[in-house]
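**Student:** curious how this folds, go ahead:
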Amino acid sequence: GTPQIEVTFDIDANGIVHVSAKDLGTGKEQHITITSSSNMSKEDIEKAVKEAEQYAAQDKKLKEEVEVRNQADQMVYQSEKTLSEMGDKIPADDKNKVQAGIDKLKEALKGTDTAAIKTATDELTQAFYAVSEKLYQQANPQGAQGGAQQAGGDAGAQQGQYYDADYKVVDDDDNNKK
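**Tutor:** Here you go, the predicted model:
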């Protein structure tokens, strides 16, 4: 019914795009090559490459700062959301520790000191994880120990019972190539 067409795009180092399309039903294949007409001279290209290398360190530092800020914002959001949803189940002293961490991190985010933001994020993360751990323990007082005993009991009950089945591995790499 539906035609299956495999399309392949290859871009070489010169920016030339090679596109091929093959109809899997009929085996017909067509190719096209796309080249860009660049108006940049060799000097312009070399200048752009030098500028990219020159600003690479600045870009890396800026990227790190943005990632630290994003992580901090995410931690503030997650902590505030958990406090608002589970506030009644969290002991007051733990709730105050997390809130203090949130306030400290928000204050650090107003500035530009990446190290201070990292430190405040780490402190809030530790306080938040301690509260999260207590919430999980309240939700499941037996914890992982009870689950392990139950799983062990099930394994003993089914010992000696097994089923043998024939199977065939289908590996269709040809259709997965793009």
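
**Student:** list the buried residues of stretch 97-113.
**Tutor:** Across stretch 97-113, burial judged by 16 or more other Cβ atoms under 10 Å covers 97, 98, 99, 101, 102, 104, 105, 108, 109. Just so you know, the C-beta spots here come from the backbone N, C-alpha and C atoms, and that holds for glycine as well.

**Student:** now do the contacts for the fourth one.
**Tutor:** Each residue near residue 101 by Cβ atoms under 8 Å, 6 or more residues apart in numbering is listed here: 79, 120, 123, 124, 127, 128.

**Student:** over to residue 109?
**Tutor:** 69, 72, 73, 76, 117.

**Student:** quick one, domains of this structure?
**Tutor:** As given by automatic domain parsing, the domain ranges for the chain are 5-36, 57-140.

**Student:** most packed of those?
**Tutor:** Ranked by average neighbour count under the criterion mean count of other Cβ atoms under 10 Å, those are headed by domain 57-140 at a mean of 14.

**Student:** and the strands in this protein?
**Tutor:** Taking DSSP state E, the strands of the chain run over residues 5-11, 17-23, 29-34.

**Student:** okay, these in CSV with distance to residue 54 next?
**Tutor:** Formatted as CSV, the strands of the chain follow (distance: least, Cβ to Cβ, whole Å):
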stretch, distance to residue 54
strand 5-11, 26
strand 17-23, 29
strand 29-34, 31
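
**Student:** nearest to residue 138, out of those strands?
**Tutor:** Of all the strands of the chain, strand 5-11 sits nearest to residue 138, with 53.7 Å by Cβ to Cβ.
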